[in-house]
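K.L.:
Sequence and predicted structure are below.
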2 protein chains.
Amino acid sequence: MVSSKDVAKYAGVSQTTVSRVLNTPELVKPKTVEKVMQAIEELNYIPNDVARSLVQKKTGIITLISGPLHNPFFVDTTTAIVNYVNARGYKVNVYFGTEDNLDSIYNSVLETRADAIILSSMLYEDDLFFKLEKRGIPFIMYNRKHQENRYFVEIDNVEAGYIATNHILTLGHHDICWIGGPHEISTFYERYNGFKNALKDSGIGINTVPAFFTNTKKDDIERIFEEILKLPTRPTAICAATDAIAIEILNLCLERGFHVPKDFNVIGIDNVELSKHHSIALTTVGLASEKNLGFIAIEKLFEVMEKKSTCIQQTESVKLFPRNTTCKKIN
Amino acid sequence: MVSSKDVAKYAGVSQTTVSRVLNTPELVKPKTVEKVMQAIEELNYIPNDVARSLVQKKTGIITLISGPLHNPFFVDTTTAIVNYVNARGYKVNVYFGTEDNLDSIYNSVLETRADAIILSSMLYEDDLFFKLEKRGIPFIMYNRKHQENRYFVEIDNVEAGYIATNHILTLGHHDICWIGGPHEISTFYERYNGFKNALKDSGIGINTVPAFFTNTKKDDIERIFEEILKLPTRPTAICAATDAIAIEILNLCLERGFHVPKDFNVIGIDNVELSKHHSIALTTVGLASEKNLGFIAIEKLFEVMEKKSTCIQQTESVKLFPRNTTCKKIN
DNA sequence: ACTTAAAATGGTTACGTATTCATTTTTTTA
DNA sequence: TAAAAAAATGAATACGTAACCATTTTAAGT
């Protein structure tokens, strides 16, 4: 492979000059620039970005640890993040984290010289946070936060849970239930708290309301849905902690011949793009602004990288998006 | 940042030995290994993967140029590809190519020392093919092919177009139409040929059947749908060249109060995961085997990288997946 | 024309690792 | 116990670039 040294020799200049032609051509005599450019052309020279990274101590790479794309939330955020990063001239190393592969992903990520890391896989109490701090690479979490309460962008999850539940209650549903996720994840913990707050404010005892917690895998949600069907009093409304869960519930309902919202009201949280599709038309709670959480997070991460910000602790406000999976209770 | 030299000094050995401890510990006396490992631990040493890449002339990075994720086909393939690559211990640089950013993506990609490239953005006549060959990095295309007819994995697109159209015709629909994409893309060109073949075999003149071609953007599909609604004889069935188009048509139908399949039959091609959702239940044509096209392609790419294969030209057979968006024509 | 400043270029080094080759140490064998 | 073989270690170098400092060339000012 041809190097800048080869170009230099061919053009009859020093390697330094070749480097300058590519990086600071204004410091080189136009005639020399031309000579070098021609050599580059003729030899088909392409600068070695690895060598450049080594000497400059930056790779131009951002690591993204996303959740899997079968969750439509991560479709939206991954799109926003990857496009933003590339538009800024950086590259993105993408990982899709699940229970099974997270350890291996963390190993890989911690050994990689990325310029920054953006991730959604953090638990509320997670050693990873400290490993990342120790590693010294700027990082930001989106959609989840760590108990250290730093470097995150989230929606107001408590409020989201509250609004969703309140919407359902206001529609006259009394027999409702909750499907959430593991409480080691701040998102699920807080949304469930919002759910409980809404019940409390409506004078409903939390113990009378069934709540289920899944690791958000398809099979797991199905198992829970079966349990719901076996409940002594079948709920008329299902509050899902995420649109991903809600949309899977929709699927399970239709699969079994139920009608939504006639047989079941379903509400989610996140307002993912897919929820807007008229075949889905999921009632949900999401960001009040037009922006996407991934976009907000990656924008902030660049601010941190550029030392414009030091610490990010951002909680975005939310609102209800009423669509067709909820309606007044039919008596 | 602490280097292997620092570790060496701290442990009282040479840098060579440190390198050996990490890469070929079986060549080092156990006692020395222990000594070095302790130094690594205490100094919190992390090998510099950039320096390693430079000397080894491989980066462990695969570049993926996918289409955008609002197309569910790319959700499926990106998932398969990223997960496969990571499982093999490689990293993935991901790009989502659209009309607007492809040039900039190609510039970035061609200047990057990736070990291989997997892409879906190739046109049938595309200079990129030759640039990639010149670059000397192994590459593979999925879902599209180049006129040079090398390094690709696709489904049998002609057959897919044929099967889809034939299904519609067999259901008794005479007033049908086609929504495809630009014919510079092999996929669209071939699927449309399948469509034409089916018409011909049914004795229908191709000129009597409306066909529309879009760049598959949302607005564009909407514009076409409006045109379809204005047609002198409104078709009872719409053949879409991809599930992405079909699902968007579904959306537009429902948005306007039409019922599918009562008012319009809709059929797609690709059998994307989303089409299986019971809210969508899209009739479509897809891979006969369980595998995902992205998975097949990335598997093949690794074969090429490992010199097990030299050239890949793979066309996978397809079959019909009848679901709820098509039905016998109601007279 | 002569000095001085500015512009242009080149030589050398650092980045941090793996690799090659040489040397030392240890073990095995006769 | 000496010689030979094997194991363990180290010194030096290459990878390809950018950056630093030094030097040469050109232009400007008097």
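P.N.:
Received it, and whenever you're ready, just let me know what you need. Residues are numbered from 1 along each chain as shown, chains lettered A, B, ... in the order given.
K.L.:
Can you classify residue A:153 by secondary structure?
P.N.:
strand (DSSP: H, G, I helix; E, B strand; the rest coil).
K.L.:
Is it correct that it is in contact with residue A:309?
P.N.:
No. Residue A:153 is not in contact with residue A:309 according to C-beta atoms under 8 Å; the separation is 11.5 Å. Glycine gets a C-beta too; all of them are placed from N, C-alpha and C.
K.L.:
what touches both of those two?
P.N.:
residue A:300 (C-beta atoms under 8 Å, 6 or more residues apart in numbering or on different chains).
K.L.:
so how far is stretch A:167-180 off the chain centroid?
P.N.:
Taking C-alpha atoms, centre = their mean, to the nearest Å, one finds stretch A:167-180 lying 27 Å from the centre of the chain it belongs to.
K.L.:
Now it: average pLDDT?
P.N.:
Taken as a whole, stretch A:167-180 carries a mean pLDDT of 97.
K.L.:
DNA strand D contacts on chain A?
P.N.:
A:1, A:3-5, A:15-16, A:19, A:22-23, A:45, A:47-48, A:51-52, A:54-56 (C-beta under 7 Å from any atom of the strand).
K.L.:
are any of these buried, and which?
P.N.:
Buried members of those, scored by 16 or more other C-beta atoms under 10 Å in any protein chain shown, are A:3, A:4, A:19, A:22, A:45, A:47, A:48, A:51, A:52, A:54.
K.L.:
With neighbour numbers in mind, choose between residue A:153 and residue A:309.
P.N.:
residue A:153 (25 against 15; other C-beta atoms under 10 Å in any protein chain shown).
K.L.:
and the gap between that one and DNA strand C?
P.N.:
31 Å (C-beta to the nearest atom of the strand, to the nearest Å).
K.L.:
Residue A:162 contacts residue A:192, correct?
P.N.:
No. In this structure, residue A:162 is not within contact of residue A:192 by C-beta under 8 Å, at 10.7 Å.
K.L.:
Start from the N-terminal end of the stretch 151-300 of chain A and give the helices.
P.N.:
Counting by DSSP state H, counting those that start in this stretch, the stretch 151-300 of chain A has helices at residues A:157-170, A:186-201, A:218-229, A:243-255, A:293-305.
K.L.:
Okay, angle between the longest one and helix A:157-170 too, please.
P.N.:
Helix A:186-201 and helix A:157-170 are oriented at 40 degrees to each other (axes from the mean of the first three to the mean of the last three C-alpha atoms, to 10 degrees).
K.L.:
So which elements touch helix A:186-201?
P.N.:
helix A:157-170, strand A:176-180, strand A:211-213 (3 or more C-beta pairs under 8 Å, 6 or more residues apart in numbering or on different chains; DSSP states H and E).
K.L.:
how about it: buried residues?
P.N.:
A:186-192, A:194-199.
K.L.:
Next, format the residues you listed as CSV and append pLDDT.
P.N.:
Converted to CSV, those look like this (pLDDT from 0 to 100):
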residue, pLDDT
A:186, 98
A:187, 98
A:188, 98
A:189, 98
A:190, 98
A:191, 98
A:192, 98
A:194, 98
A:195, 98
A:196, 97
A:197, 98
A:198, 98
A:199, 97
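K.L.:
Of those residues, which is the nearest to chain B?
P.N.:
Using C-beta to the nearest C-beta, residue A:187 is the member of these that sits closest to chain B, with 21.3 Å.
K.L.:
What distance do you get for the nearest residue to residue A:89 once chain neighbours are set aside to DNA strand C?
P.N.:
Nearest residue to residue A:89, sequence neighbours excluded (C-beta to C-beta, 6 or more residues apart in numbering or on different chains): residue A:60, at 7.1 Å. As judged by C-beta to the nearest atom of the strand, residue A:60 and DNA strand C stand 16 Å apart.
K.L.:
Is residue A:60 in contact with residue A:88, as I believe?
P.N.:
No. Under the contact definition of C-beta under 8 Å, residue A:60 does not touch residue A:88, with a separation of 9.4 Å.
K.L.:
Give me the more crowded residue out of these two.
P.N.:
More crowded of residue A:60 and residue A:88, by other C-beta under 10 Å: residue A:60, with 17 against 13.
K.L.:
Just list the residues touching that one, thanks.
P.N.:
Taking C-beta under 8 Å, 6+ apart, one finds A:49, A:53, A:89, A:90, A:91, A:115 in contact with residue A:60.
K.L.:
Look up the pLDDT of the fifth one for me, please.
P.N.:
The confidence metric pLDDT takes the value 98 at residue A:91.
K.L.:
Touching, it and residue B:112? I think so.
P.N.:
Yes. Contact criterion C-beta under 8 Å: residue A:91 and residue B:112 qualify, at 6.8 Å.
K.L.:
shared neighbours, the two?
P.N.:
Common neighbours of residue A:91 and residue B:112 (C-beta under 8 Å, 6+ apart) are residue B:93.
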